[in-house]
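> Structure here, sequence nowhere to be found:
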Ligand SMILES: C[S@@+](CC[C@H](N)C(=O)[O-])C[C@H]1O[C@@H](n2cnc3c(N)ncnc32)[C@H](O)[C@@H]1O
């Protein structure tokens, strides 16, 4: 994990900034609406095919995606490494009807969670992978998400082969700009195969303007 980024989210100021991020600018409001629509389609599609009882949202941040999860999953655990963000997420729940609230909060790092294998029907992890500096840690993170899911995993990563990253790579070679912290589809496929999962869907947030990709993985029926 990148220490500076972690420190930022784990500070009062950083937590407040992230909580307001999607309200401050109209461009962010549009991005948020677009992303929520995309995720709603993905999770709605999963819920039509499987019965989802439990989900983990890690990292949950200030709870941006909780209302969407609660539409499809009765029991949702919210987790994050940042104590200030967990506090903000919990406080926001006070004004929400009981049935729409989270069913628990946990402070955990997504690189090594305290959960047993296959604990959740759905593990959701949005906008964390691209903050993990070390390539081997990014791979370990994907393994950990798959380990604790009994059925489905949905996560985002910055795609090495996205247009945005390929342009960045060109600028890196020419001008020495910093590389993005990416993954390749082939790397995710390999881990999925090893852990008894298969890629169900892979959808870019935007083909032109974002390198982020949503990926849906399903545990292979008939395997441990
Ligand atoms: C960009 S935010 C995304 C939050 C939420 N998923 C969303 O989409 O609104 C990144 C989050 O990752 C959390 N975080 C950073 N490192 C983490 C780690 N190793 N384990 C769990 N959470 C972490 C931060 O505290 C922050 O809440």
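Received, thanks. Since we're looking at a predicted model, the values are computed, not measured.
> per-residue confidence at the residue in the chain that the ligand sits nearest to?
Per Cβ to the nearest ligand atom, residue 61 is where the chain lies closest to the ligand, at 2.8 Å. Where you see a C-beta, it was placed from the backbone N, CA and C, and this is true even at glycine. In this prediction, residue 61 carries a pLDDT score of 97.
> And for it, the neighbour number?
23 (other Cβ atoms under 10 Å).
> if I look at it, how far off is residue 17?
Distance from residue 61 to residue 17, counting by Cβ to Cβ, to the nearest Å: 11 Å.
> quick revisit: identify the residue nearest the residue of the chain closest to the ligand in space, chain neighbours excluded?
residue 85 (5.4 Å; Cβ to Cβ, 6 or more residues apart in numbering).
> other SSEs contacting the lengthiest strand in the chain?
Counting by DSSP state E, the longest strand found in the chain is strand 149-158. Contacts defined by 3 or more Cβ pairs under 8 Å, 6 or more residues apart in numbering; DSSP states H and E place strand 149-158 against helix 26-49, strand 120-125, helix 135-147, strand 212-219.
> hmm, back to that, so the residue of the chain closest to the ligand is in contact with residue 18, correct?
Yes: assessed by Cβ atoms under 8 Å, residue 61 is found in contact with residue 18 at 6.0 Å.
> Need the residues touching each of the two.
Common neighbours of residue 61 and residue 18, counting by Cβ atoms under 8 Å, 6 or more residues apart in numbering, are 9, 85.
> Which of the helices or strands spans the residue of the chain most remote from its centre?
Largest separation from the mean C-alpha position in the chain: residue 174, at 31.8 Å (Cα atoms, centre = their mean). Element membership for residue 174 (DSSP states H and E) is helix 163-175.
> List of residues touching that helix?
Applying Cβ under 8 Å, 6+ apart, the external contacts of helix 163-175 come out as 158-159, 177-180, 182, 207-211.
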